[in-house]
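>>> Here is a sequence together with a model predicted from it:
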Amino acid sequence: MFILLFAFTCLPAASSDDYIYNALHFGSSSNDYVGFNFDMAPFRNSLSLCSWIKRVDTSASYPVVFNYYISGPEIYIGSDGRVNMVVGDESLNSLESKFTTPLGRWFSYCLTWSLATRTSKLYLDGNLIATAQTPSGRALTMGGTLFFNRFSHSTNSGYIFGGQISQFNIYSDVLSSESIQKITEGGLCFDLEEFSEIRVLRWEVILDRSRNGNVREVTVCTQEKLSSQKSQRRLAEITGQYNETKTQLSKMERTLEVVTGKLKYTEEKLEVVTGQLNSTEEKLEVVTGQFKSAQDELVAVKGDLQTETSQHNVTEERLDACSRRLAETQSKLETARTLVNISRWDVLYTPPYFNKVLTEELFQQFTSSWDPLRKFVGTNLTDGVVEHFRQYHKEPECDTFEQFSSSMLRHFLGVEMTSGIIKHFKETHEDSACNNNTES
């Protein structure tokens, strides 16, 4: 909509070939001025005053470009930076060192003010050069008169500007630094229609006001106006650009919807993944604790194993020592038996009889004089059995036996009392002699 409006407002009348931008050139007398009344209500709470200024003389002490005067100056701007006043505030005065544009050259001047922020700013050639605070609650006073090249009704020549001004406009709002830069870069022939809603006191109005003394218009630049056909083509171009922009905007909106949906989906997945990550971290903490506990147990088991291994080694050493001592004892015993009181019963101490089960096969290896042993078939030939026969069966034919006495049993201490041993005593060692019974 703004593009189309700009296109229409830029179209001048088809009957004119050029659009002329003029300036006002003021003479060097206090009688050369423009003065009129204007409704300043739109600027009560904020304003922006912008103008192009050219100095041609520096003889005046306080060269007045413009002042809005009631009983004193409400707005007062000079061409040399000495006075820059708004709502009667003098905080921006004495800036002569900033006004360095040579005589005969144009420079851009903008003064802004806001009651809400209590701030006034001064721009030269689009650059901010000073900022000040204005009194709290101080609005612009109404009912004054506007003067150009004159300080109110004074005829003092010390206030004579005597230069040129162009595109002097007062806006009803504070222009941004970007807008001021744009106006400056646009130059003397810049089209200000984009600010038409807030451009209240217009340069065109000032040019139409009556002038006093030596005040004349001078041309500063011209621009070719568009013909009706050119205007229509330009309008078509702008309309096409607008439609294309609108189409692109629609595509961008659809793309934005898709991207927004994907972003929402991604955020949901992120929440799920974050939850899983938190759960994994908790599990990891549990597993880490278990692993640490297992490590502690492993250390303890290693300690126990080392202790048991040490004990096992000691036991093996002791066992080896016992085995050696047993072997030595057995060797000594065998030697003793071969050298002292050897009898036929000592054979039973030798393999394969001693401490083995007496079988029928083993018994057949003996002579008939060994018949008393038949009762012990199936019985281990222990020390008790062998010593019994050594003491009580001395003759091969066993003609006589001693009577049974309790001393016989002493040889069986520590010997398993098998059925063969008991049967032997029952049948063989009664109260009478052996009676030559070889089956006993």
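Alright, I've got the coordinates.
>>> next helix or strand past the longest helix seen in the chain?
Secondary structure of the chain read by DSSP state H shows that its longest helix is helix 228-339. As assigned by DSSP states H and E, the chain's next helix or strand after helix 228-339 is helix 360-364.
>>> Now that following helix: buried residues?
L362 (16 or more other Cβ atoms under 10 Å). Where C-beta positions appear, they are placed from N, C-alpha and C, glycine not excepted.
>>> and it, how far out from the chain's middle?
Chain-centre distance of helix 360-364: 96 Å, with Cα atoms, centre = their mean, to the nearest Å.
>>> Likewise for stretch 101-112?
Distance of stretch 101-112 from the chain centroid (Cα atoms, centre = their mean) equals 53 Å.
>>> Please enumerate the helices of the stretch 1-150 of the chain.
For the stretch 1-150 of the chain, helices defined by DSSP state H, counting those that start in this stretch occupy the ranges 2-9.
>>> Run through it and note the low-pLDDT ranges.
Within the stretch 1-150 of the chain, the segments meeting pLDDT under 70 span 1-19.
>>> tell me which strands and helices the longest helix of the chain is in contact with?
If you count contacts as 3 or more Cβ pairs under 8 Å, 6 or more residues apart in numbering; DSSP states H and E, helix 228-339 packs onto helix 2-9.
>>> sorry, back to before: averaged pLDDT, the longest helix of the chain. What do you get?
Mean pLDDT, computed over helix 228-339, is 84.
>>> how much space is there between Y68 and S46?
Going from Y68 to S46 by Cβ to Cβ, to the nearest Å gives 15 Å.
>>> wait, isn't Y109 in contact with K54?
No: proximity of Y109 to K54 does not meet the contact threshold set by Cβ atoms under 8 Å, at 10.8 Å.
>>> Need the phi and psi values for D80.
Here is the backbone geometry of D80 (degrees, to the nearest 10): phi -110, psi 10.
>>> ok so, going back, quick one, which of Y109 and K54 is more surrounded?
Of the pair Y109 and K54, Y109 is the one with more neighbours under other Cβ atoms under 10 Å, namely 26 against 20.
>>> And that one, how far from L124?
Y109 sits 6 Å away from L124, going by Cβ to Cβ.
>>> which other residues reach stretch 70-78?
Residues from elsewhere that reach stretch 70-78, judged by Cβ atoms under 8 Å, 6 or more residues apart in numbering: 49, 62-68, 83-88, 109, 111, 140-141, 143-145, 151-152, 161.
>>> My guess is T131 contacts T117. True?
No: between T131 and T117 there is no contact under Cβ under 8 Å: 10.4 Å.
>>> Tell me the span between the first and last residue of stretch 197-216.
Counting by Cα to Cα, to the nearest Å, you get 29 Å between the two ends of stretch 197-216.
>>> ok, and for that stretch, which residues are buried?
Applying 16+ other Cβ under 10 Å to stretch 197-216 flags I198, R199, V200, L201, R202, W203, I206, R211, N212, V215 as buried.
>>> give the contact list for the first one.
Residues in contact with I198, defined by Cβ under 8 Å, 6+ apart, are Y171, S172, D173.
>>> export those residues to a markdown table and tack on neighbour count?
Below are the contacts of I198 laid out as a markdown table (neighbours: other Cβ atoms under 10 Å):
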| residue | neighbour count |
| --- | --- |
| Y171 | 24 |
| S172 | 17 |
| D173 | 19 |
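>>> So which of those are in strands?
Of the contacts of I198, the ones assigned to strands by DSSP state E are Y171.
>>> Reformat the contacts of I198 as TSV; add distance to N380 and pLDDT.
Listed next are these as TSV, based on distance: Cβ to Cβ, whole Å; pLDDT from 0 to 100:
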residue	distance to N380	pLDDT
Y171	133	98
S172	134	97
D173	129	97
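>>> Isn't F148 up against D32?
No: applying Cβ under 8 Å, one finds F148 not in contact with D32, separated by 9.6 Å.
>>> overlap in contacts of these two?
Common contacts of F148 and D32, defined by Cβ under 8 Å, 6+ apart, comprise F26.
>>> Would you report the backbone torsion angles of N355?
When read as degrees, to the nearest 10, the backbone of N355 gives phi 60, psi 30.
>>> so it touches V385, yeah?
No: using Cβ under 8 Å, N355 is not in contact with V385, being 9.9 Å away.
>>> got the domain boundaries for this protein?
According to automatic domain parsing, the chain comprises the domains 18-224, 345-428.
>>> winner for burial among those?
The highest average neighbour count among the domains of the chain, using mean count of other Cβ atoms under 10 Å, belongs to domain 18-224 at a mean of 17.
>>> Which residue is the nearest non-sequential neighbour of E96?
In this structure, E96 finds its nearest non-sequential neighbour in G81, 4.5 Å apart by Cβ to Cβ, 6 or more residues apart in numbering.
>>> and what of S51?
Closest residue to S51 apart from its sequence neighbours, by Cβ to Cβ, 6+ apart: F168 at 4.0 Å.
>>> who's in contact with that neighbour?
Counting by Cβ under 8 Å, 6+ apart, F168 has contacts L49, C50, S51, W52, F66, F148, W203, I206.
>>> and it, that one's in a helix?
No: F168: not assigned to a helix; according to DSSP: H, G, I helix; E, B strand; the rest coil it is strand.
>>> distance of it from K356?
Separation of F168 from K356 (Cβ to Cβ): 143 Å.
>>> what's the answer for F363, then?
For F363, the distance to K356 - Cβ to Cβ - is 12 Å.
>>> May I have the residues that are in contact with P63?
Counted by Cβ under 8 Å, 6+ apart, P63 has contacts R55, D57, G78, S79, D80, Y159, I160, F161, G162, G163.
>>> can you name the two of those residues that are farthest apart?
Greatest spatial distance among these (Cβ to Cβ): R55 and Y159, at 14.3 Å.
>>> In this structure, which residue is most central in space?
In the chain, the centroid-proximal residue (Cα atoms, centre = their mean) is T274; its distance is 12.7 Å.
>>> what about that residue, distance to T266?
Counting by Cβ to Cβ - T274 and T266 are separated by 12 Å.
>>> next one: S323
For S323, the distance to T266 - Cβ to Cβ - is 79 Å.
>>> swap in T309?
For T309 relative to T266 (Cβ to Cβ), the value is 60 Å.
>>> hmm, back to that, please dump the domains of the chain into TSV; it should also carry distance to Q241 for every row.
Converted to TSV, these look like this (distance: least, Cβ to Cβ, whole Å):
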stretch	distance to Q241
domain 18-224	16
domain 345-428	123
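>>> and of those domains, who's closest to S279?
Nearest to S279 among the domains of the chain is domain 18-224; the distance by Cβ to Cβ comes to 52.8 Å.
>>> Check the offset of that closest one from the chain's centre.
That offset, for domain 18-224, works out to 55 Å (Cα atoms, centre = their mean).
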